[in-house]
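Trainee: I would like to see how this sequence folds:
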Amino acid sequence: MKPVIGITPSLQDESVMLHRDLTHAVFKAGGIPVILPYPRFHAHGPRQYDIEGLTERVDGLLLSGGGDIDPTLFGEEPLPGLGQITPDRDRMEIELIQHFMEKDLPVFAICRGCQILNIAAGGTMFQDLYRQRRRLLQHFQHAPRHHASHFITIQTNTLLHTITGLDVYKVNSFHHQAVKDPAPDFIASATSRDGVIEAVESRRHRFVLGVQWHPENMTETDEMAQNLFEKFVEACR
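Mentor: Numbers count the residues shown, from 1 in each chain. Next up, the predicted model:
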């Protein structure tokens, strides 16, 4: 039986959205993609949904890209460069991540997903790279989404290196936030040449990996991008 992959979509103005490239990559990798819903939350009320019930038929969690993340989740006040946040999405994804990690089920996180994964595990992030770091590369490319625009260096003895077999890899880039301090038990498994963290992974789990780029947009032109999804789906079997 093919593994079922629960995917978190973007949430904006009471609508959920997901780029077709993401479900296509999961289908190609041999998985069945299922979009996970966001319940409405009440600030002081009890939780109105059941994480166990919601995910009992899901074999792995795929966290998609999207908007910005509430900085109060990692103890910071919002800076001027912070964009639109979606608190319901933040809360739901954090609970999902922690649930899957407790059960040692595979988690693959992309762009925003990489950041919320790190926060859910106890790490921090840059709210706006261009206000908080100097001498940066272009991290929001002006090029087609499938185009690989800058290089990253992949650390040896990591899950990402095992999957790719590469020391240097060229990726696309669409972000202004990024991982700052990896969570406890996480490591930075890739960085760009300006020192920005481009991938994190858990040292305690068999497959918990976050990447800052968008491999789903590159699967038709880059074999390694599709291979990331294939190894993730394989881990979910």
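Trainee: quick check: which element contains the residue nearest to Ser10 when sequence neighbours are not counted?
Mentor: Distances taken as Cβ to Cβ, 6 or more residues apart in numbering place Gly66 nearest to Ser10, at 4.0 Å, with adjacent residues excluded. Glycine gets a C-beta too; all of them are placed from N, C-alpha and C. Here Gly66 is covered by no helix or strand, with elements defined by DSSP states H and E.
Trainee: which secondary element of this protein has the worst mean pLDDT?
Mentor: Ranked by mean pLDDT, DSSP states H and E, the weakest helix or strand in the chain is helix 51-55, scoring a mean of 83.
Trainee: where do the strands sit along the protein?
Mentor: 4-8, 10-12, 15-17, 32-35, 60-63, 107-110, 125-126, 150-154, 168-171, 178-179, 186-192, 197-202, 208-211 (DSSP state E).
Trainee: would TSV of the ones you listed with distance to Cys236 be doable?
Mentor: Formatted as TSV, the strands of the chain follow (distance: least, Cβ to Cβ, whole Å):
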stretch	distance to Cys236
strand 4-8	6
strand 10-12	22
strand 15-17	22
strand 32-35	10
strand 60-63	4
strand 107-110	9
strand 125-126	26
strand 150-154	22
strand 168-171	23
strand 178-179	24
strand 186-192	20
strand 197-202	16
strand 208-211	12
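Trainee: could you dump those into TSV with distance to Phe140, mean neighbour count and mean pLDDT added?
Mentor: Listed next are the strands of the chain as TSV, based on distance: least, Cβ to Cβ, whole Å; neighbours: other Cβ atoms under 10 Å; pLDDT from 0 to 100:
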stretch	distance to Phe140	mean neighbour count	mean pLDDT
strand 4-8	22	23	97
strand 10-12	17	17	87
strand 15-17	19	11	87
strand 32-35	26	16	96
strand 60-63	19	26	98
strand 107-110	15	27	98
strand 125-126	13	24	97
strand 150-154	11	18	98
strand 168-171	13	18	98
strand 178-179	11	24	98
strand 186-192	13	21	98
strand 197-202	14	26	98
strand 208-211	16	26	98
